[in-house]
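> Got a predicted model here, sequence first, then my questions.
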Amino acid sequence: MEVVNIADVQKTYAMVIGAVLVLVGLIGFVNAPILGIFGVNTAQNLLHLVGGALMLYYGNKGSGKTANQTLGIISAVVAVLGFVPGANTLLASIFAINMAITYLHAAIAVVSLGVAYGVKQ
């Protein structure tokens, strides 16, 4: 049985999420809302592209853990703000964030932080 290098889990997760973020950023420019429920706009698409590129870079060059921690924390903050009525309105006006995206960010936060802190090195 082959032993899995734990650093590979961190790096693989960062690379996969990075690729997904880049793809979502590109799709958002041509097909909004994504899947008919996730509202996006140019500002959010650009954030996805930059965030995805950073995840790919740090997943490739670093251990991936810091990138996963950072993504988890940012996603958690965005999710919490999405549930706050005044902040939700501000996020919606600037980044087209709706409740579907808020729940998605909450899920990404849980999984990213679970990988970052739950996978022991």
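Alright, I've got the coordinates. Please read all numbers here as calculations on a predicted model, not as lab measurements. Numbering: from 1, shown residues only.

> where in the chain is pLDDT low?
The chain contains residues with pLDDT under 70 at 1-7, 121.

> Name the SS class of Val40, please.
coil (DSSP: H, G, I helix; E, B strand; the rest coil).

> okay, now the residue lying closest to it once chain neighbours are set aside: neighbour count?
Residue nearest to Val40 in three dimensions, not counting chain neighbours: Gly28, with 3.8 Å by Cβ to Cβ, 6 or more residues apart in numbering. Placement of C-beta: from N, CA and C, glycine included. Using other Cβ atoms under 10 Å, Gly28 is surrounded by 23 other residues.

> ok, now which ones touch Gly28?
By Cβ atoms under 8 Å, 6 or more residues apart in numbering, Gly28 lies in contact with Ile34, Val40, Asn41, Gln44, Asn45, His48.

> try 7 Å
By Cβ atoms under 7 Å, 6 or more residues apart in numbering, Gly28 lies in contact with Ile34, Val40, Gln44, Asn45, His48.

> would TSV of those residues with distance to Gln69, neighbour count and secondary structure be doable?
Formatted as TSV, the contacts of Gly28 follow (distance: Cβ to Cβ, whole Å; neighbours: other Cβ atoms under 10 Å; DSSP: H, G, I helix; E, B strand; the rest coil):
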residue	distance to Gln69	neighbour count	secondary structure
Ile34	26	16	strand
Val40	25	23	coil
Gln44	22	22	helix
Asn45	24	21	helix
His48	19	20	helix
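
> for those residues, which one is nearest Leu91?
Proximity of these to Leu91 (Cβ to Cβ) peaks at Gln44, which lies at 9.6 Å.

> wait, that closest one sits on Ile94?
No: if you go by Cβ atoms under 7 Å, Gln44 and Ile94 don't touch, sitting 8.6 Å apart.

> residues of the lengthiest helix in the chain that come out buried?
For the chain, the longest helix by residue count, based on DSSP state H, is helix 6-30. Within helix 6-30, the residues that count as buried by 16 or more other Cβ atoms under 10 Å are 9-11, 13-15, 17-18, 21-22, 24-25, 27-28.

> Same question for stretch 47-54.
Those buried within stretch 47-54 under the rule 16+ other Cβ under 10 Å are Leu47, His48, Leu49, Gly51, Gly52, Leu54.
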